[in-house]
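# I would like to see how this sequence folds:
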Amino acid sequence: MKAAPFDYVRPVTLDAAFAALTENGVNSALIAGGQSLLPMLNLRVAIVDLLVDIGRLDELKEITLTPDSLRIGALTTHAAIEDCKLPDVTNGLMQRVAAGISYRAIRHHGTIGGSVALADPAADWPACMMALGAMVHIANRFGGRTERVEEFIRGAFETSLAPGEVVLALEVPRNPEPRWGFAKVTRKSGAFANSIAVAVARDQTVTVVLAAGAARPLRMSKVGALAATGTEPALREAIAADLARHIPDADAYQRRLHAATILHSLQKLRGQ
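Next comes the predicted model:
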C-alpha cells in the first residue's frame, strides 16, 4: 500500500515546528527518523494532513552532562548510543539496549525520542528509561514541562503528549551504583520483542520493568523488593504475583516466558 496524500514541511527552527503543528484545522504529525511512522503511513494505520519533519533541528540533538544527570536530545539515534558517542552514565546498559534494536540500518535513523513518544508496548527504550528513572522534557509554543517517563507513557501508543507538543530530550539520572540486567526474547534477530526485562540497581533499591507483556511497560514491584537477595523460589513467587496483578489474562506460555526474562535480567544484575 501507499500512504494517503499529505503535505510535508521541514522547519528550520523549533518555533517554526510548533507553528506548523498548531495550524488550525490540520491533522499534523511529527517525523524524525521515521522508522515507525513511515510504515504506519504506508499501511494507512496513521493518516495525516501534514507531516512536520524535525529531523534536522540541531537543538534536539544536543547532549548535556551534569553532575546529576545526562540529558539526551530527542533526535539522538540508536546507532549513536550503540557507538558510545555520548557519555556512559549507565555502565553500558544503554549501549546494550541500543545494539539490540532491529537492524543496524534502522538504528542509523531511529531516535530515542521517537521511540519513547511512540510508546510501542514492545519497544526497548520505554522500558529502559522507566527502569533508569528517566525524565522526558516536553515543550510547545507556550513553554515546557518535565514528566517522569513512567507517567508519560499511558498505554499502547498512548502518552501524555498534547497536540502541538514536542519531546525535546530524555534526562537520565547519574547512578552511583551502576548495576543492571537486561534480557530480551524475539522470535528472530531484529524482530519485535515477545518479552523484555530491565533491572537497575540504584540507592540500595532495584527497579525491575517488564515490557512486551501488556499495553505499557510494567514496574514489577514485588520482584524489585526481592531482586538483590531473594532466592530463586522466592523470586518466582514474586514474579507470579506481579504477573497475576498486571497481566491476569496471560497464558501459561506467556507466564513462563516473562518469568525467564525477568530471572535472566536479575542474574545479570547480580553478576556485575
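# need the pLDDT of residue 154.
The model reports residue 154 with a pLDDT of 97.
# do I have it right that it meets residue 161?
No: in this structure, residue 154 is not within contact of residue 161 by Cβ atoms under 8 Å, at 9.6 Å. All C-beta atoms are positioned from the backbone trio N, CA, C, and that covers glycine.
# neighbour-wise, which of these two wins?
Neighbours were counted for residue 154 and for residue 161 using other Cβ atoms under 10 Å; residue 161 has more, 18 against 13.
# quick one, what contacts residue 3?
38, 41-42, 44 (Cβ atoms under 8 Å, 6 or more residues apart in numbering).
# neighbour-wise, which one of these leads?
Greatest neighbour count in these, by other Cβ under 10 Å, goes to residue 41: 21 neighbours.
# sorry, back to before: now tabulate the contacts of residue 3 in TSV and tack on distance to residue 244 and secondary structure.
Converted to TSV, the contacts of residue 3 look like this (distance: Cβ to Cβ, whole Å; DSSP: H, G, I helix; E, B strand; the rest coil):
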residue	distance to residue 244	secondary structure
38	39	helix
41	39	helix
42	39	helix
44	38	coil
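# for stretch 115-131, the distance to its chain's centre please.
How far stretch 115-131 lies from its chain's middle: 2 Å, per Cα atoms, centre = their mean, to the nearest Å.
# send me it as CSV with only the CA atoms.
The C-alpha trace of stretch 115-131 is given here as CSV (Å, rounded to 0.1, in the frame of the first residue of the first chain):
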residue,chain,number,x,y,z
SER,A,115,10.7,5.6,20.4
VAL,A,116,9.6,6.9,23.7
ALA,A,117,7.0,9.2,22.1
LEU,A,118,5.5,6.3,20.0
ALA,A,119,5.1,4.2,23.2
ASP,A,120,5.1,0.9,21.3
PRO,A,121,4.5,-1.8,24.0
ALA,A,122,7.2,-4.0,22.6
ALA,A,123,9.9,-1.2,22.3
ASP,A,124,13.1,-1.3,24.2
TRP,A,125,13.6,2.4,25.2
PRO,A,126,10.4,3.0,27.2
ALA,A,127,11.2,0.0,29.5
CYS,A,128,14.8,1.0,29.8
MET,A,129,14.0,4.7,30.5
MET,A,130,11.5,3.6,33.1
ALA,A,131,13.9,1.4,34.9
